[in-house]
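K.L.:
when you get a sec, could you give me coordinates for this:
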Amino acid sequence: MSEESYSEGKAVDLLHQLEDILESDPLIDELGYIHPSQFLLLYKESGISCNSSEEAMGQSADRIASSVESLHDTSNQENIYFWNRDHKLGISTQVLLPLYRSAKHAFMTSYKQYKASSNQSEKVGNSSSAILSCDHLESILMRHSRSLLLLSCDFITAWNCRKYVLSKKNKLSMFMDELSLSALVLSYAPKSEQTWNHRLILKL
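P.N.:
Now for the predicted structure:
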């Protein structure tokens with residue numbers, strides 16, 4: 001496998017890891033970027049051991065135990081990219097660029113598919129299969145756009161897509177989730193104009 005294709009594959013895997021964390025802990029209320037050298041210190045300070053990792057992190061025991069063991073091997077410390085504890089999320093600065101590229105690609109791909117599906121639905125009518133297809137693509141679009149906005153808070157197309165889906169669904173629970181997302185973005189980018197605008201629209 002070439003270095004380029006390996007890097008792309010690894011970036012996709014990182015994106016999946018990030019999205020799984022966001023799905024498993026919907027109460028995350030603070031986001032920060034962490035230098036790779038600080039991960040071992042974070043684990044040590046929190047008292048996480050291989051035996052207590054599942055309880056402390058609320059994630060898969062095998063994955064976290066493996067991660068903690070890897071942290072104690074200095075040759076593997078660069079393989080730890082996320083920190084998730086007490087509803088706080090840290091992302092390694094080492095992977096921000098490839099993670100952003102992967103999130104942007106995933107979002108733009110799903111966005112094009114969603115637009116094509118919506119156009120097709122308008123032509124053939126709102127059949128049950130067309131509605132299910134749109135619902136599925138909307139779920140994917142919201143998943144990828146959330147990750148992208150945590151990496152690039154002023155990506156206006158992502159905000160606009162989310163706004164469109166929210167207005168279409170018109171569900172209170174989704175609006176509350178969106179307020180939480182905007183608050184999370186503002187935790188690391190408090191002056192983000194696009195985020196504040198989006199938040200204002202949600203409250204109108």
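K.L.:
for the chain, give me the ranges with low pLDDT.
P.N.:
1-6, 47-79, 122-132 (pLDDT under 70).
K.L.:
max-length helix in it?
P.N.:
helix 96-124 (DSSP state H).
K.L.:
quick check: buried residues in it?
P.N.:
98-100, 102-107, 110-111, 114, 117-118, 121 (16 or more other Cβ atoms under 10 Å). Every C-beta, even on glycine, is put in place using the N, C-alpha and C of the backbone.
K.L.:
mind giving me the packing neighbours of it?
P.N.:
helix 3-24, helix 128-151, helix 156-169 (3 or more Cβ pairs under 8 Å, 6 or more residues apart in numbering; DSSP states H and E).
K.L.:
host element of Leu31?
P.N.:
In this assignment (DSSP states H and E), Leu31 forms part of strand 30-34.
K.L.:
quick one, phi psi at Asn84?
P.N.:
Reported as degrees, to the nearest 10, the phi and psi values for Asn84 are phi -140, psi 110.
K.L.:
make sure it is actually in contact with Pro26.
P.N.:
No: if you go by Cβ atoms under 8 Å, Asn84 and Pro26 don't touch, sitting 11.9 Å apart.
K.L.:
how is the chain partitioned into domains?
P.N.:
As given by automatic domain parsing, the domain ranges for the chain are 3-96, 97-203.
K.L.:
just the endpoints, please. Distance across the last one?
P.N.:
Start-to-end span of domain 97-203 (Cα to Cα, to the nearest Å) is 33 Å.
K.L.:
give the contact list for Leu18.
P.N.:
When contacts are counted by Cβ atoms under 8 Å, 6 or more residues apart in numbering, Leu18 touches Phe82, Ile91, Leu99, Ala103, Ser147, Leu150.
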